[in-house]
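Trainee: with the input below, show me the fold.
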Amino acid sequence: MSLVRRPRARRGRAVRALGWTALVLVLAGVLAVGSVVYVGWRVQQAADHLRAAAARVPALTAQLTALDVERARTTRAAMRAETAAAVALTDDPVWRLLERFPWGGQNLLAAEAGARAAHRLSTQGAGGAVEAADGVVALRERALSLDLSPSGARADAARARDGAAALLAATTAARGELSGLDRRYLLPPAASALRQADRATAALEALQGAADDPLGALLNAP
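Mentor: Residues are numbered from 1 along each chain as shown. Alright, predicted model coming up:
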């Protein structure tokens, strides 16, 4: 009797062990697939936020060219909210873990870089452009009121100059971050995130000339 039971007992343990192993493998597979789907959804969401931010850049450019500072501040705040949401979507423990995997990780790194570059542009870059325009407006108002105070004019000019420097620093940093990325084999959502960051960088770079020349901006304003 005992000789018959022992093989059966061993077979029972082997079957249970095999069952547990299969269950662990299935759960691991479900977790892996779920993580990929989850992160893929987040990449798409981040790209959508960056697209929304980039869509506001033409309005910001027009407002700054017209020296409409208050509207430019509102537009910049909306851009910043979109890029902040994109950054938040590309920064969590699951994302960090999957970034280490080949190919798929490259897409996550690209999306994260696009989000961070765009957020730099919407905060430091667009903020600098708005401050530069505000300095130009202050100079215009001072001239129209015949306020010839040298200290006041210097302060306004310094604000415009500092804003232009912040804009240049942001676009230079963003361009460096984006140009150093390997864009081969990117999936559409990650590639879209980088395109939106590229668009924002180019548009803000185009503002640099006016930001560097407050007098020219003053003379050319509508």
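
Trainee: which residues are in contact with the helix or strand containing residue 136?
Mentor: Element membership for residue 136, per DSSP states H and E: helix 126-144. With contacts defined as CB atoms under 8 Å, 6 or more residues apart in numbering, helix 126-144 is touched by 60, 64, 67, 69, 72-73, 76, 79-80, 149, 152-153, 156-170, 204, 207, 210-211, 214, 217-218, 221. (Glycine included, C-beta is placed from N, CA and C.)

Trainee: rerun at 7 Å
Mentor: Helix 126-144 is contacted by residues 60, 64, 67, 69, 72-73, 76, 79, 152-153, 156-157, 159-160, 162-164, 166-167, 170, 204, 207, 211, 214, 217-218 when judged by CB atoms under 7 Å, 6 or more residues apart in numbering.

Trainee: what's the angle from the following helix or strand past that helix to helix 126-144?
Mentor: As assigned by DSSP H and E, the chain's next helix or strand after helix 126-144 is helix 150-179. Following axes from the mean of the first three to the mean of the last three CA atoms, to 10 degrees, one obtains 160 degrees for the angle between helix 150-179 and helix 126-144.

Trainee: list the buried residues in helix 150-179.
Mentor: 156-157, 159-161, 163-164, 166-168, 170-171, 173-175, 177-178 (16 or more other CB atoms under 10 Å).

Trainee: next secondary structure after that helix?
Mentor: helix 188-206.

Trainee: list the buried ones in that next one?
Mentor: Neighbour counts over helix 188-206 (16+ other CB under 10 Å) mark 189-201, 203-205 as buried.

Trainee: measure residue 149 to residue 142 for me?
Mentor: Look at residue 149 and residue 142: by CB to CB, to the nearest Å, they are 8 Å apart.

Trainee: for the two, indicate the residue with more neighbours.
Mentor: Higher neighbour count among residue 149 and residue 142: residue 142, with 16 against 10, using other CB atoms under 10 Å.

Trainee: pull up the overlap in contacts between residue 149 and residue 142.
Mentor: With CB under 7 Å, 6+ apart, residue 149 and residue 142 have no common neighbours.

Trainee: which non-adjacent residue is nearest the residue most central in space within the chain?
Mentor: Here the mean C-alpha position of the chain is nearest to the C-alpha of residue 115 (CA atoms, centre = their mean), at a distance of 2.1 Å. Closest residue in space to residue 115, ignoring its immediate chain neighbours: residue 86 at 4.0 Å, by CB to CB, 6 or more residues apart in numbering.

Trainee: residues touching that neighbour, list them.
Mentor: Neighbouring residues of residue 86 by CB under 7 Å, 6+ apart: 46, 49, 50, 115, 118, 119.

Trainee: what of residue 79?
Mentor: Going by CB under 7 Å, 6+ apart, residue 79 touches 53, 56, 60, 122, 126.

Trainee: as JSON lines, these with distance to residue 110, pLDDT and neighbour count would be great.
Mentor: Output for these, formatted as JSON lines (distance: CB to CB, whole Å; pLDDT from 0 to 100; neighbours: other CB atoms under 10 Å):
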{"residue": "53", "distance to residue 110": "17", "pLDDT": "94", "neighbour count": "29"}
{"residue": "56", "distance to residue 110": "22", "pLDDT": "94", "neighbour count": "19"}
{"residue": "60", "distance to residue 110": "25", "pLDDT": "94", "neighbour count": "26"}
{"residue": "122", "distance to residue 110": "19", "pLDDT": "94", "neighbour count": "30"}
{"residue": "126", "distance to residue 110": "22", "pLDDT": "94", "neighbour count": "32"}
